[in-house]
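**Q** coordinates for the following, if possible.
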Amino acid sequence: MGRNRAHNSESQDHRLNRLKSNSVEAIETLLNSMSSYFNNEIKITPSNQQTSLMFLGVHAAALTIGEVFFANEKPDSMFKDYKQFLEVFVDGDTEDLKFSIIAKDIHDWRNILAHQWLGSMGHRIEYDYKTTSGWENKDGTLVINPEIYCNSYLSAFATKGRIWKYNSMFTPEQLSEVQKRIVAKFEMH
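**A** Okay, the predicted model is just below:
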């Protein structure tokens, strides 16, 4: 039987004790695990044009981190967490690289891919791996370059990526709240 390396590299009790030990340990365990395991699978999707898997994976990672970092209030907390994740960690300098502008479209599209598969929105979204723009609207159709979107997401996790500067975005009290949310999610499931 195969072993889930991302989750079973240490005992459940040992992992829980580490997560509870301090906020940096909890946050960096989450980020390093996602970067080392999950992102290794996401990064190969553009070269294989596995676009649906890429959208599902990036969205899952963004929500996982967004929910514990930002914890926006309902209604629409998941969308708000996703959009804030894009704004803080992914968005580039030019409008076509500001994916938070089209966050609602991407969020809705991911929900169709994950829970519905067929939807009229599929007639208003197009993938173009050759365009030099991250995204653009063309005659009522949202055209996204999945490779640029994916690379923008992955750049957040690069060695000097914005996600690793999380401690400068939060007060010590906020970091403690992030840690508590990570621990609560771990214990819940």
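
**Q** what about the residue nearest to the spatial centre of the chain, which SS state?
**A** Nearest to the mean C-alpha position of the chain, by Cα atoms, centre = their mean, lies Ala62 at 1.9 Å. For Ala62, the reduced secondary structure class is helix; criterion used: DSSP: H, G, I helix; E, B strand; the rest coil.

**Q** over to Lys160?
**A** Under three-state DSSP, the three-state class of Lys160 is coil.

**Q** can you tell me which residues contact Thr51?
**A** The neighbourhood of Thr51, defined by Cβ atoms under 8 Å, 6 or more residues apart in numbering, consists of 45, 127, 146. C-beta coordinates here come from the backbone N, C-alpha and C atoms, glycine included.

**Q** picking that back up, which pLDDT value belongs to the residue nearest to the centre of the chain?
**A** As summarised for this prediction, Ala62 has a pLDDT of 97.

**Q** cool, and Gly2?
**A** The score at Gly2 is 58. That number is its pLDDT.

**Q** over to Val68?
**A** In this model, Val68 is scored at 96, pLDDT.

**Q** residues in contact with it?
**A** 30, 178, 181-182, 185.

**Q** ok so, going back, okay, and which of the contacts of Thr51 map to helices?
**A** Counted as lying in helices by DSSP state H, out of the contacts of Thr51, are Pro146.

**Q** just the buried residues of the contacts of Val68.
**A** Buried members of the contacts of Val68, counted by 16 or more other Cβ atoms under 10 Å: 30, 178, 182.

**Q** can you confirm Val143 is in a strand?
**A** Yes: checked against three-state DSSP, Val143 lies within a strand.

**Q** list the contacts of the residue nearest to it when sequence neighbours are not counted.
**A** In space, not counting the residues next to it along the chain, Val143 is nearest to Glu126; the distance is 4.8 Å by Cβ to Cβ, 6 or more residues apart in numbering. Contact analysis of Glu126 by Cβ under 8 Å, 6+ apart lists 138, 141-144.

**Q** list the contacts for the closest residue to Pro172 other than its chain neighbours?
**A** The spatially closest residue to Pro172, leaving aside those adjacent along the chain, is Ser23, at 7.7 Å (Cβ to Cβ, 6+ apart). The neighbourhood of Ser23, defined by Cβ under 8 Å, 6+ apart, consists of 172, 175-176, 178-179.

**Q** where do the strands sit along this protein?
**A** 125-127, 135-138, 141-144 (DSSP state E).

**Q** Phe186: neighbour count?
**A** For Phe186, the neighbour count with other Cβ atoms under 10 Å is 16.

**Q** how much space separates it from Leu175?
**A** When Cβ to Cβ, to the nearest Å is the yardstick, Phe186 and Leu175 sit 17 Å from each other.

**Q** and for Asn22?
**A** Look at Asn22 and Leu175: by Cβ to Cβ, they are 9 Å apart.
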